[in-house]
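Trainee: Only the shape, not the letters, is given here:
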């Protein structure tokens, strides 16, 4: 459902109306942005390609006819030029049954001049007026609106308009081929293992690439044997997880009451239906509350899962797809993501000619880890059981089936993993990532490429190998006590909750001392994608990593590529010369190693810091009367900026924020970031009393849905200062 007001629940106490659409997921329906007006509400949807069917749903209040109707006609005229077929329908509040005059007459004449035919005849309102209209354009040869019926409804004064829309057969499929799927009911783990057979012992000594090719070939053969692909005949909607059997029984009873009322049109039957509809709505609310309360209670000891549940409630995912999933669109996305990183890197190549090489040089260290420990059969079974069942389109079969059949596949996995660890080589097929563009915010224009972020997906077996390497590398880092203590995330005992508690505790301690705390939240642009491989390998060698381990990590970083996937269409693979894949298990750990020197630089100025992956927070506390504290922080920020440039990481001054935490309003504070000045953030804070700090998911302190800090009254903001270019 796409609701006209997604920010708050509908207020049933107020009058007026809105627009909403309920549709089957199998229909390629896309919501498209159009100019909005304050005098009416509308929603534009497109079915199929750009030149196919457009649907404009309208609600126009009865007021401001001389303003709203000409504006609406202007919107329709623009859409009529784009779509080969156009359907305009809704509550226009135009009395079409009467003789029109003024703006209403001009509107109907304009619609007719654009080739839009009005097909509704008869009253659509309980008062006998024809207010709900349907216009169609472009169906002279293909048919159009057929079998239109008008029926009253028990819960509204408007009648229900029901009709059949004749359209070309290939419209609902977007003109593309029928999707081929494998029936899940046929994917039996025992049957899959029987079709697969035993691992060929003669292949045990082959290279990792040869073994992965054998894995893909044999698993594809086995899955084709038990569950061959077949055309998708229908795509039934999945029931909501909170929809219980009791609700299903109530829904069946509701349908029965509707049929009884429609057959007799008796007022007592209508009253009985209305009462049952209210009871059904109450039961749905109770089922939702019970379902989500259970989920929240079960995740109380798992912060990551708890925040995932809360994000799903506060920001539910929409079904709006990318407007165009053609091959040209895929190629455009692929070039955009690669060119974006290349543009940032080209700026570093010019700047770094004046940067000293001492900044990037890794210290020498004796080799402490030069080989991996090979895994046993039980280790392979354990890793398969712990891995998340995320399937990539490059996988030969669904990953959940591999997990279910892990008892018979552990030998295959053990041989592949050990071959990769022994030879220090990552198979080439594991280095190709599939990118799924994700719209950053639902309110952004889906036609603009820069409004999407790349979400990469990697082969399941490659993630299993990474998980084995990550476990051994993590154990080495912990035993050697290498990572910065201020780094949180992707380490045991250093999660988001730990970072939040540490930061809140620091700020409260300093306020108890009467100090002022200045918190700088740095933002990095595509940090994972601009990591320099040479610098990272130098850092790894400086930590004492060498031999086969360093060779494997070099193979993991080099020779990577990515392709964009939209629907059933994929772009050509694009080579990557820098960065670490964001969908990888190893990437966050490698990025922590890459960022390790930054904490030492920040603390050399007497400034505290908290690091969580690519989120960097600087915290400096000082007495209110101190005048040089801000200068110290500015020098620290200048050093951080120099280090970022030397390590080919781009600071984003426009998204960097400064927060002043104090008992009362202080003097102006200026924090330099790059060549600009970031003013302390004014979050509507007030003075007086003891300060409070709470964790708020999704704010700007921790990006990508991580948790951040929001100050609650009574902290005081500093006065903002202008940005210097």
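Mentor: Arrived safely, thanks for sending. Just so it is clear, the structure is predicted and the values come from calculations on it, not from any experiment.

Trainee: Contacts only, for residue 498.
Mentor: Counting by Cβ atoms under 8 Å, 6 or more residues apart in numbering, residue 498 touches residue 488. All C-beta atoms are positioned from the backbone trio N, CA, C, and that covers glycine.

Trainee: quick one: which helix or strand includes it?
Mentor: In this assignment (DSSP states H and E), residue 498 forms part of helix 496-512.

Trainee: same check, this time on residue 221
Mentor: Here residue 221 is assigned to helix 208-226, by DSSP H and E.

Trainee: Which residues belonging to that helix are considered buried?
Mentor: Residues of helix 208-226 classed as buried: 208-209, 211-212, 214-216, 218-219, 222-223, 226 (neighbour count, 16 or more other Cβ atoms under 10 Å).

Trainee: Reformat these as CSV; add distance to residue 554.
Mentor: Below are the buried residues of helix 208-226 laid out as CSV (distance: Cβ to Cβ, whole Å):
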residue, distance to residue 554
208, 15
209, 16
211, 20
212, 19
214, 25
215, 23
216, 24
218, 30
219, 29
222, 34
223, 34
226, 40
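
Trainee: Tabulate those residues in JSON lines, adding columns for distance to residue 164 and pLDDT.
Mentor: Converted to JSON lines, those look like this (distance: Cβ to Cβ, whole Å; pLDDT from 0 to 100):
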{"residue": "208", "distance to residue 164": "58", "pLDDT": "91"}
{"residue": "209", "distance to residue 164": "56", "pLDDT": "92"}
{"residue": "211", "distance to residue 164": "56", "pLDDT": "92"}
{"residue": "212", "distance to residue 164": "52", "pLDDT": "93"}
{"residue": "214", "distance to residue 164": "53", "pLDDT": "92"}
{"residue": "215", "distance to residue 164": "50", "pLDDT": "92"}
{"residue": "216", "distance to residue 164": "47", "pLDDT": "92"}
{"residue": "218", "distance to residue 164": "50", "pLDDT": "92"}
{"residue": "219", "distance to residue 164": "45", "pLDDT": "93"}
{"residue": "222", "distance to residue 164": "45", "pLDDT": "93"}
{"residue": "223", "distance to residue 164": "40", "pLDDT": "93"}
{"residue": "226", "distance to residue 164": "41", "pLDDT": "91"}
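
Trainee: So which of those is the closest to residue 502?
Mentor: residue 208 (41.2 Å; Cβ to Cβ).

Trainee: where does the stretch 101-250 of the chain dip in pLDDT?
Mentor: Counting by pLDDT under 70, the ranges of the stretch 101-250 of the chain that qualify are 139-143, 167-179, 201-202, 204, 232-238.

Trainee: contacting residues around the strand or helix carrying residue 109?
Mentor: With secondary structure defined by DSSP H and E, residue 109 is part of helix 102-113. For helix 102-113, contacts defined as Cβ under 8 Å, 6+ apart pick out 65-66, 69-70, 72-73, 76-77, 88, 94-96, 100, 118, 135.

Trainee: Which of the residues you listed fall in strands?
Mentor: Under the assignment DSSP state E, the contacts of helix 102-113 contribute 88, 118, 135 to strands.

Trainee: can you list the residues you listed in a markdown table and add neighbour count?
Mentor: Shown next, in a markdown table, are those (neighbours: other Cβ atoms under 10 Å):
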| residue | neighbour count |
| --- | --- |
| 88 | 26 |
| 118 | 17 |
| 135 | 25 |
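
Trainee: which one of these is nearest residue 604?
Mentor: The closest of the ones in strands among the contacts of helix 102-113, once distances to residue 604 are taken by Cβ to Cβ, is residue 88, at 65.9 Å.

Trainee: Pull up the gap between the closest one and residue 81, please.
Mentor: In this view, residue 88 and residue 81 are 14 Å apart by Cβ to Cβ, to the nearest Å.

Trainee: which residues of the stretch 301-450 of the chain fall in strands?
Mentor: For the stretch 301-450 of the chain, the strands defined by DSSP state E, counting those that start in this stretch occupy 432-439.

Trainee: Report the residue spans of it with pLDDT below the cut-off.
Mentor: For the stretch 301-450 of the chain (pLDDT under 70), the answer is 316-325, 349-365.

Trainee: mind running it again at 50?
Mentor: The stretch 301-450 of the chain contains residues with pLDDT under 50 at 319-320, 353-360.

Trainee: quick one: the helices in it?
Mentor: Counting by DSSP state H, counting those that start in this stretch, the stretch 301-450 of the chain has helices at residues 303-314, 327-351, 377-386, 399-404, 406-423.

Trainee: before we move on, what about the stretch 501-650 of the chain?
Mentor: 533-542, 547-557, 587-594, 596-603, 629-646.

Trainee: Tell me which of the ones you listed approaches residue 468 most closely.
Mentor: It is, among the helices of the stretch 501-650 of the chain and with distance given as Cβ to Cβ, helix 547-557, at 10.8 Å.

Trainee: coming back round to it: orientation of the helix holding residue 221 relative to helix 547-557 in degrees?
Mentor: Orientation check (axes from the mean of the first three to the mean of the last three Cα atoms, to 10 degrees): helix 208-226 against helix 547-557 gives 60 degrees.

Trainee: for the very next helix or strand once past helix 208-226, packing partners?
Mentor: Next along the chain after helix 208-226, taking DSSP H and E as the criterion, comes strand 230-231. With contacts taken as 3 or more Cβ pairs under 8 Å, 6 or more residues apart in numbering; DSSP states H and E, strand 230-231 sits against strand 180-181.

Trainee: tell me what the strand it packs on is packed against?
Mentor: strand 230-231.

Trainee: Give the pairing partners of the strand it packs on; include direction for each.
Mentor: strand 180-181 (antiparallel) (DSSP bridges).

Trainee: Would you confirm that residue 90 contacts residue 131?
Mentor: No. Counting by Cβ atoms under 8 Å, residue 131 is not a contact partner of residue 90; they are 9.7 Å apart.

Trainee: Just the buried positions in stretch 434-448, please.
Mentor: Quick answer for stretch 434-448 (16+ other Cβ under 10 Å): 434-437, 439, 446.

Trainee: Kindly state the pLDDT recorded for the nearest residue in space to residue 610 that is not next to it in sequence?
Mentor: Spatial nearest neighbour of residue 610, excluding adjacent residues (Cβ to Cβ, 6 or more residues apart in numbering): residue 617 at 4.5 Å. According to the prediction, residue 617 has pLDDT 85.
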